[in-house]
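Student: Fold the stuff below for me.
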Amino acid sequence: MLEALNYTFVQNAIIAGLLVSIASGIIGSLIVVNRMVFLAGGIAHTSYGGIGIAIYFGLPIFFGASAFAIGAALLMAYLTLYQRDRIDTFIGLIWACGMAIGIILVDLTPGYNVDLMSYLFGSILAVSGDDLIYMGILLAVIISTVTFFYRDILAVSYDSEYASLRGINVKLFYTLILVLSALTVVIAIKVVGLILVIALLTIPIYIAEKVSNSLYGMMIISGILSSFFTLIGLYVSYTFDLTSGATIIIVSALSLFMFIIYKNLKVRF
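Tutor: So this is what the prediction gives:
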């Protein structure tokens with residue numbers, strides 16, 4: 001594995017993995033605390049429509065997917081705030097339509113033979129320098145936004161009624177969290193793919209939630225765990241010639257399984 005570090009694509013993969021892991025740790029914590037896992041899953045699959053639009057019109061993949069994912073996030077925020085009784089139906093509809101739009105536009109793109117598996121299960125080894133810049137900018141936006149509005153986001157996440165009484169615009173911050181989640185999902189697709197992205201946004205957070213006493217601590221611990229799982233997953237995938245995205249998730253899932261066993265044994269003995 002050490003000799004592989006001389007290759008630029010491997011270096012890019014490691015940097016991308018770390019950037020996405022930190023972003024996933026921060027936003028994943030907000031997703032779990034605010035019970036938005038199903039919404040984030042809907043956004044992840046809906047963003048495939050943006051990928052199809054980008055391919056069809058010759059736009060950067062990240063740009064198309066991000067714009068489409070933000071639109072989906074805003075729509076889902078509106079529906080969850082004003083149409084709660086039918087939210088599961090609407091999310092399923094948006095989810096299916098987004099993927100269908102993406103697939104059809106890819107089919108209609110003249111002379112384009114795309115490997116759909118790379119978007120479904122990730123293609124971290126294909127990360128370019130431009131992709132890293134996008135990921136770095138997004139991570140900076142996430143960190144600065146969460147840091148600046150941390151107290152407001154904390155209040156909204158744990159007690160929205162109390163936050164509203166304090167004069168905090170709960171709907172605005174709820175929407176902001178969904179938009180940041182959408183952007184994080186888009187860059188995570190490059191690492192693990194849209195099918196596996198929710199696992200990256202929940203498994204490390206579950207472990208971090210059990211060993212931390214605050215939202216801030218949960219974000220830090222989950223970011224560290226995500227980075228560790230990603231690096232180990234990359235090493236295993238390179239050693240045994242496996243799909244990197246799927247391997248990262250398997251490493252995360254096995255770690256969670258061992259953590260649960262450890263916790264149960266600790267309680268019993």
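Student: what residue lies at the spatial centre of the chain?
Tutor: residue 185 (3.3 Å; C-alpha atoms, centre = their mean).
Student: for that one, phi and psi?
Tutor: With angles defined as degrees, to the nearest 10, residue 185 shows backbone torsions of phi -60, psi -40.
Student: Report the contact partners of it.
Tutor: For residue 185, the contacting residues are 40, 43-44, 47, 69, 194, 197, 201, by C-beta atoms under 8 Å, 6 or more residues apart in numbering. Yep, even glycine has a C-beta here, placed from its N, CA and C like the rest.
Student: For residue 160, state which of those is nearest.
Tutor: Checking the contacts of residue 185 against residue 160 with C-beta to C-beta, the nearest one is residue 40 at 18.3 Å.
Student: name the element that closest one belongs to?
Tutor: Following DSSP states H and E, one finds residue 40 within helix 37-46.
Student: again with residue 155
Tutor: Applying DSSP H and E, one finds residue 155 within helix 150-158.
Student: right, and the helix or strand after that helix?
Tutor: Once the chain leaves helix 150-158, the next helix or strand it forms, by DSSP H and E, is helix 160-165.
Student: Which positions within that following helix qualify as buried?
Tutor: Residues 160, 163 are the ones in helix 160-165 that count as buried (16 or more other C-beta atoms under 10 Å).
Student: Show me what it is packed up against.
Tutor: Helix 160-165 sits against helix 150-158, helix 170-192, with contacts defined as 3 or more C-beta pairs under 8 Å, 6 or more residues apart in numbering; DSSP states H and E.
Student: how about the strand or helix carrying residue 51 as PDB, C-alpha atoms only?
Tutor: Secondary-structure assignment from DSSP H and E places residue 51 in helix 48-57. These are the backbone C-alpha positions of helix 48-57, laid out as PDB (Å, rounded to 0.1, in the frame of the first residue of the first chain):
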ATOM      1  CA  TYR A  48     -29.300  11.300  -9.400                       C
ATOM      2  CA  GLY A  49     -31.600  13.500 -11.500                       C
ATOM      3  CA  GLY A  50     -29.000  16.300 -11.200                       C
ATOM      4  CA  ILE A  51     -26.300  13.900 -12.400                       C
ATOM      5  CA  GLY A  52     -28.400  13.100 -15.400                       C
ATOM      6  CA  ILE A  53     -29.000  16.800 -16.200                       C
ATOM      7  CA  ALA A  54     -25.200  17.500 -15.900                       C
ATOM      8  CA  ILE A  55     -24.300  14.700 -18.200                       C
ATOM      9  CA  TYR A  56     -27.000  15.600 -20.800                       C
ATOM     10  CA  PHE A  57     -26.100  19.300 -20.900                       C
END
